[in-house]
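Student: Need coordinates for the following:
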Amino acid sequence: MSADLDLVWYVGYGSNVLRRRFTTYLTGGAMELSGQEERGSRDRSPPREVRPTTLPHTLYFGRSGGARWGPGGVAFIDPMRSDAAALGLAYLVSTEQYLDVICQENSWSVPPRPDDALPAPGSGAVDVTPPGERPGWYRSVVTLEPIDGVPALTFTHPVVEPSSEPAPAAYLRVIAEGLADEHGLATPEIVSYLASRPGVGRSREDLDQLLRT
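Tutor: Okay, the predicted model is just below:
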C-alpha cells in the first residue's frame, strides 16, 4: 500500500472539535462562523471514522485569530503539561488528507513530507515546516497514543505563550457547539471547561452570556 493510502488518526481540538468545521479542510469552502475559505484536500472523501477523545495535554489560548476568527487567542496544546486533559475529536483519515490539513492550518503552499509529519512515538514535538515555507502556528506535530493500533497525531505551536486578548466570540461558539455535539456537555460544563484554560481572557459570566446568545 502506498503511503498516501495509509490511515492515521488526526486528533483535533479547539475549533476542530466541531465536525462540520473540520470538514471544510477536506471538502473546501467556509462555515458561517469562520472568516476564511479553505481550499480543501486533494482527497475530499469524508473521514472513515470519527470519535470523541481526550488529549493528555493542557489546552490554552494563544496568539491571535487573524483572518479566520478575528483578534484574540486561539487554541493550542502544551505538550509539556498534562495536568488538565484537552477534549478533542479523532478523525480517521488518509495520510494524504492529514498532510493537507496541516498544510491548510499553516497556510503553506505545499504539504510537509510524510516522513517528517509522521514522527515516531516518543519523538516529542517535531517542527514539520517544509523548506521555503514560513513557519506556521501549528507546525509542531505531537504524537499521541495509537488508537486501535493506528498512529494518532495532532499539532500545536512550539512556543507556549497564552494570549493577553480575549478569545474571539465566534471561535468560542464553534468550540462550544463541538463540545455539546460530540462530548455531550451542557453549557455550564462548557463554561467551566473554557474558563479554566490559560489565555481565554474571559470570565465565567462573560462566557456564559456569550454561549447563551
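
Student: Now do the strands in the chain.
Tutor: Along the chain, counting by DSSP state E, strands occupy 7-12, 49-55, 58-62, 74-78, 86-94, 125-127, 140-147, 150-156.

Student: of the ones you listed, which approaches Glu37 most closely?
Tutor: Closest of the strands of the chain to Glu37 is strand 74-78, at 17.6 Å (criterion: C-beta to C-beta). Yep, even glycine has a C-beta here, placed from its N, CA and C like the rest.

Student: State the number of residues packed around Leu211.
Tutor: Using other C-beta atoms under 10 Å, Leu211 is surrounded by 20 other residues.

Student: Now for it: which residues touch it?
Tutor: Leu211 sits next to Leu172, Arg173, Ala176, Thr187, Ile190, Val191 when contact means C-beta atoms under 8 Å, 6 or more residues apart in numbering.

Student: mind redoing it with 10 Å?
Tutor: Residues in contact with Leu211 (C-beta atoms under 10 Å, 6 or more residues apart in numbering) are 169, 172-173, 175-177, 179-180, 187-188, 190-191, 194.

Student: between the strands of the chain, which gets nearest to Arg42?
Tutor: It's strand 86-94; of these, that one is closest to Arg42 (C-beta to C-beta) at 9.5 Å.

Student: quick one on the thing from earlier: tell me the one of the contacts of Leu211 nearest Phe76?
Tutor: Closest approach to Phe76 among those (C-beta to C-beta): Ile175, at 12.8 Å.

Student: before we move on, the earlier item: looking at the contacts of Leu211, which is nearest Leu153?
Tutor: Ile175 (20.3 Å).

Student: Met31 versus Ser140, what's the distance?
Tutor: Separation of Ser140 from Met31 (C-beta to C-beta, to the nearest Å): 25 Å.
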